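[1] quick check, what structure comes out for this input:
(chains A, B and C)
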Amino acid sequence: MKSYYYAVYEVTRRIPHGKVTSYGAIAKYLGLKSGARMVGYALTTLNQSPFHGIPAHRVVNRNGLLTGKVHFGSPTRMADLLRSEGITIENDQVLNFQEVFWDPSEHLPPFIPTEY
DNA sequence: ATACTGACTAGAA
DNA sequence: CTTCTAGCCAGTA
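    Now for the predicted structure:
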């Protein structure tokens, strides 16, 4: 497993309760060029990794769409988790996306690649 | 080793 | 406005 996977997990773990972020935002914070896809891939392996307490449901795509919901077992699991945190979901999409969006590069200290 | 597949996204057509 | 395309790179067959 590649090292930046851990970085992705760390960032995801720090998303505040009731907030969401996007794959691209995480990729940008980590300095992965166009690496949004890799972020999604890293989260895919989350199911079989030792990291289970990670709030992966707080990561959506740039439009606030719940693109990763198919990985949560039930079709409504991801949306339910988000709703339980006070986020409004309709049609698998975050309605108040702007308000609940949390940008890692604005709330976390600068990422240092050498620490992984 | 080659081919194909994605929890993506920005830009071109 | 809506597709389409390229770039991204680890897994799997």
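
[2] contacting residues around residue A:29?
    Residue A:29 makes contact with A:11, A:103-105, A:108, A:111, according to CB atoms under 8 Å, 6 or more residues apart in numbering. Yep, even glycine has a C-beta here, placed from its N, CA and C like the rest.

[3] mind checking pLDDT for the nearest residue to it once chain neighbours are set aside?
    Nearest residue to residue A:29, sequence neighbours excluded (CB to CB, 6 or more residues apart in numbering): residue A:104, at 3.9 Å. In this model, residue A:104 is scored at 95, pLDDT.

[4] export the contacts of residue A:29 as TSV, with columns for distance to DNA strand C, secondary structure and neighbour count.
    Listed next are these as TSV, based on distance: CB to the nearest atom of the strand, whole Å; DSSP: H, G, I helix; E, B strand; the rest coil; neighbours: other CB atoms under 10 Å:
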residue	distance to DNA strand C	secondary structure	neighbour count
A:11	17	helix	22
A:103	19	coil	14
A:104	18	helix	20
A:105	18	helix	15
A:108	21	coil	13
A:111	16	coil	18
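
[5] give the contact list for the residue in chain A positioned nearest to DNA strand B.
    Closest to DNA strand B within chain A is residue A:68: 1.3 Å, counting by CB to the nearest atom of the strand. Residues near residue A:68 by CB under 8 Å, 6+ apart: A:40, A:43, A:56-57, A:59-60, A:78.
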